[in-house]
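[1] Build me a model:
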Amino acid sequence: MNMDQLKRQAAARALEEVRDGMQLGLGTGSTAKHFVELLGERVAAGLKVIGVPTSEATRLDATRCGVPLTTLDEIDHLDITVDGADEIDPALNLIKGGGGALLREKIVAAASDRMIVIADDSKWVPTLGKFPLPVEVIPFGLGATRRAIEKAFAECGVSGQMAVRKGKDGHVFVTDGGHWIVDAQLGRIEDPASLAKALSAIPGVVEHGLFIGLASSAVLAGGEGIRVIERRKPKGD
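    Sure thing, here's the model as predicted:
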């Protein structure tokens, strides 16, 4: 079974959680695209749902697949968001943003009662950080922002090369929100929660790809089948 088939398996398993009348967050990326396509088949068969896309690409996919769309200005919450991830650790903390949609993805995930992460099992890692961490930044004052990011890295015990992301055309990649992305090669992030907090405090940082405590469950597809991992809630949660 190839990688694409594994991604589709994970998407199909997540679709089993969707019920009539639900309001859904629709993720971005190759795995989430499978979910949107499968959801479109269910909608064509009579399922009544409405979705909020996390990117212009997903909006186009959902429209093509016949999935009705809305915005977070028109509804006050989402039942489930289904999205992929670039890395998933055993606490279900994530690195996301390889596709450049991390800001909208995080807004939608935070507005959801549950976030189901779908992926092939190569995305499951003991420690986050091998995948470059995306940090979405304002182009203005980028030098100052990069220095502040380097200082935050040092305070959190990590370091690595940073580079402004380029698109396939060789020009600077621009997000749907008009921002740039700095990718940081950190190797290992021992304390992702502390790093997330430090990055969020930097004025020029719009958002970062550390998703801490947002994922409710992960659906991982591998050669031996599907694994579903539920996030263990802290006592008193």
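[2] Per the annotation, how does the chain divide into domains?
    Structural domains assigned to the chain are 3-124+212-230, 133-202, following automatic domain parsing.
[3] want to throw the ones you listed into CSV with mean neighbour count?
    Placement of C-beta: from N, CA and C, glycine included. What follows is those, written out as CSV (neighbours: other C-beta atoms under 10 Å):
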stretch, mean neighbour count
domain 3-124+212-230, 20
domain 133-202, 16
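[4] would you turn those domains into TSV with mean pLDDT?
    Supplementary listing: the domains of the chain in TSV, determined by pLDDT from 0 to 100:
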stretch	mean pLDDT
domain 3-124+212-230	96
domain 133-202	97
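[5] Would you give the sheet partners of the top strand by length along the chain, along with the direction of each?
    Taking DSSP state E as the criterion, the chain has its longest strand at strand 112-120. When pairing is defined by DSSP bridges, strand 112-120 lines up against strand 78-83 (parallel), strand 217-222 (parallel).
[6] can I get these in TSV with distance to residue 230?
    Compiled in TSV, the strands paired with strand 112-120 are given as follows (distance: least, C-beta to C-beta, whole Å):
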stretch	distance to residue 230
strand 78-83	14
strand 217-222	5
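[7] Now do the strands in this protein.
    Using DSSP E, strands in the chain cover 23-26, 50-53, 78-83, 87-88, 94-95, 112-120, 133-137, 162-164, 180-184, 205-208, 210-211, 217-222, 225-230.
[8] of the ones you listed, which approaches residue 1 most closely?
    Proximity to residue 1, assessed across the strands of the chain by C-beta to C-beta, is greatest for strand 217-222 (8.4 Å).
[9] Go ahead and name everything in contact with the closest one.
    For strand 217-222, the external contacting residues (C-beta atoms under 8 Å, 6 or more residues apart in numbering) are 6-7, 9-10, 13-14, 85, 88, 92, 114, 116-121, 123-124, 226-231.
[10] Repeat the analysis, applying 6 Å as the threshold.
    By C-beta atoms under 6 Å, 6 or more residues apart in numbering, the surrounding residues in contact with strand 217-222 are 6, 9-10, 13-14, 88, 92, 116-121, 124, 227-230.
[11] so residue 34 touches residue 6, yeah?
    No: in this structure residue 34 lies outside contact range of residue 6 using C-beta atoms under 6 Å: 9.9 Å.
[12] who's in contact with the closest residue to residue 177 other than its chain neighbours?
    Among residues not flanking residue 177 along the chain, residue 103 sits closest, at 5.6 Å (C-beta to C-beta, 6 or more residues apart in numbering). Residue 103 makes contacts with 136, 177, 207, as judged by C-beta under 6 Å, 6+ apart.
[13] For the first one, list the residues it contacts.
    This points to residue 136. The contact partners of residue 136, by C-beta under 6 Å, 6+ apart, come to 102-103, 179, 181, 206-207.
[14] Kindly indicate which of the residues you listed lies nearest residue 59.
    Comparing the contacts of residue 136 against residue 59 with C-beta to C-beta places residue 103 closest, at 14.9 Å.
[15] quick one: contacts for residue 183?
    Residues in contact with residue 183 (C-beta under 6 Å, 6+ apart) are 132, 134, 163, 165.
[16] The same query, at a cut-off of 7 Å, please.
    Contacts here follow C-beta atoms under 7 Å, 6 or more residues apart in numbering; on that basis residue 183 touches 132-134, 163, 165.
[17] Residue 205 and residue 137 touch, don't they?
    Yes: under the criterion of C-beta atoms under 7 Å, residue 205 lies in contact with residue 137, with a separation of 5.8 Å.
[18] hey, where'd the helices end up in this protein?
    Along the chain, the stretches classed as helices by DSSP state H are 3-15, 30-44, 56-64, 102-110, 142-155, 192-200.
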